[in-house]
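Student: sequence and predicted structure, then a few things I'm wondering about:
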Amino acid sequence: MKIKENFALTGWGNFNKKNCKVIVFDSFKELHYLNGKKNIIARGEGKSYYDQSFSKQEVISTVKLNKILSFDNETGLLDCESGITLEKIIKTFLPSGWFPYVVPGTKKLTIGGMIAANVHGKNHHKVGGMVNFVEEITLFDGQKLLKCSRKNKSDLFFATFGGMGLTGLIVNCKIRLNNIKTTPPKVQNL
């Protein structure tokens, strides 16, 4: 774990810069640091339009919490940490024919941020937002880990989508990827 005091943060528009205390975890095993703390907010890549990922107290960075935990090549179910970026998922799985259902205007977002904002892509009119493709979320509520899904703690599960981090820190999630028929050709370096 690394603590950065008075670290300047901005949102996507680079407006309203704030100096914050930023905690960068190397592993979710360090969550015990948060026990009983209040007024904290998680932050991924900082691509929110305004200042949703700022706090007067502490900001928890998830950028190093970006591991793929498992992938089922038969069903397309990906279990990953919340700090993984859409870009990493695409680079890892597109060559084998798997692609996220929801892809907004940038690939520089974390999956945790995409869930917290319930983002949608250009195909929103056909498939909807992130909520339609997440099977399970593990949240840290400041004291314990909570697994939630459509059937288990469903109120908490649905409140997390668009909840902007107010339901807890998204630790990891299981999302469905789309099996696509074609992949782009490999480009040779000249």
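Tutor: Nice, thanks for sending it over.

Student: who does C20 bridge with?
Tutor: F7 (DSSP bridges).

Student: next: L146.
Tutor: L139.

Student: which residues does it contact?
Tutor: Taking Cβ atoms under 8 Å, 6 or more residues apart in numbering as the criterion, L146 is in contact with T138, L139, F140, K153, L156, G168. Placement of C-beta: from N, CA and C, glycine included.

Student: the first one contacts V171, correct?
Tutor: Same thing as T138. Yes - counting by Cβ atoms under 8 Å, V171 is a contact partner of T138 at 4.4 Å.

Student: list the residues that contact both of the two?
Tutor: Shared contacts of T138 and V171, counting by Cβ under 8 Å, 6+ apart, come down to L145.

Student: which of the residues in stretch 76-84 are buried?
Tutor: G76, L78, D79, C80, E81, S82, G83, I84 (16 or more other Cβ atoms under 10 Å).

Student: those residues into JSON lines, with extra columns for distance to T106 and pLDDT?
Tutor: Output for those, formatted as JSON lines (distance: Cβ to Cβ, whole Å; pLDDT from 0 to 100):
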{"residue": "G76", "distance to T106": "23", "pLDDT": "96"}
{"residue": "L78", "distance to T106": "19", "pLDDT": "98"}
{"residue": "D79", "distance to T106": "24", "pLDDT": "98"}
{"residue": "C80", "distance to T106": "18", "pLDDT": "97"}
{"residue": "E81", "distance to T106": "20", "pLDDT": "95"}
{"residue": "S82", "distance to T106": "17", "pLDDT": "93"}
{"residue": "G83", "distance to T106": "16", "pLDDT": "92"}
{"residue": "I84", "distance to T106": "15", "pLDDT": "95"}
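
Student: tell me the secondary structure at the residue sitting nearest the centre point of the chain.
Tutor: Geometric centre of the chain, nearest residue: G112, 1.6 Å, by Cα atoms, centre = their mean. Three-state call for G112 (DSSP: H, G, I helix; E, B strand; the rest coil): helix.
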